[in-house]
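Visitor: Okay, sequence plus prediction incoming.
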Amino acid sequence: MTIVLWAILGGLFDVSFTNIIITSVVLTGASFIIGDLYFLPKMGNVGAAMVDFVLALAGVWALGAFLFDNAVPLGTASLLSAFGIALGELLVHWYMKKQFVTDDTKMPGYYNRDLQTEFSSELEPDTKKDQGNGPEE
């Protein structure tokens, strides 16, 4: 994310590297918590990338209003940054899913319909019911 912001904000709009780092840290934290932990499992890769686009657009715009010089066109800078970040997040989500997420249902020997029955004796038998039927003491 920092490389994308540095290339777009620093290369095209002359934003200082300190402001790019601050923006990157805030956006990375928000994107990871909101996009990757919450929306990625529920919506999948494309849905999470759309959420990341909205977060990046709003985040660069809001942080840029406080951190960047007045000469920076926030709308254009935010839109270009959001496109770059969303594209990068699509690739990161795909890579993470391919490398680190295992699907247990595709493992050999694992079947969803494998059921096991468990047998055991009662821990506390009902002594009143068995008074006449048990062995004599």
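Guide: Right, received. Where do you want to start? Numbers count the residues shown, from 1 in each chain.

Visitor: Please count neighbours and contacts with C-alpha atoms only from this point.
Guide: OK.

Visitor: Any idea which residue is closest to the centre of this protein?
Guide: Residue closest to the mean C-alpha point of the chain, counted by Cα atoms, centre = their mean, is D36 at 1.4 Å.

Visitor: burial of F119, as a residue count?
Guide: Residues lying near F119 (other Cα atoms under 10 Å) number 6.

Visitor: swap in E124?
Guide: Neighbours of E124 (other Cα under 10 Å): 6.

Visitor: quick one: contacts for it?
Guide: Counting by Cα atoms under 8 Å, 6 or more residues apart in numbering, E124 touches no other residue.

Visitor: helices and strands around the helix or strand containing T18, which ones?
Guide: Using DSSP states H and E, the element containing T18 is helix 17-30. In this structure, helix 17-30 packs against helix 2-5, helix 40-67, with contacts taken as 3 or more Cα pairs under 8 Å, 6 or more residues apart in numbering; DSSP states H and E.
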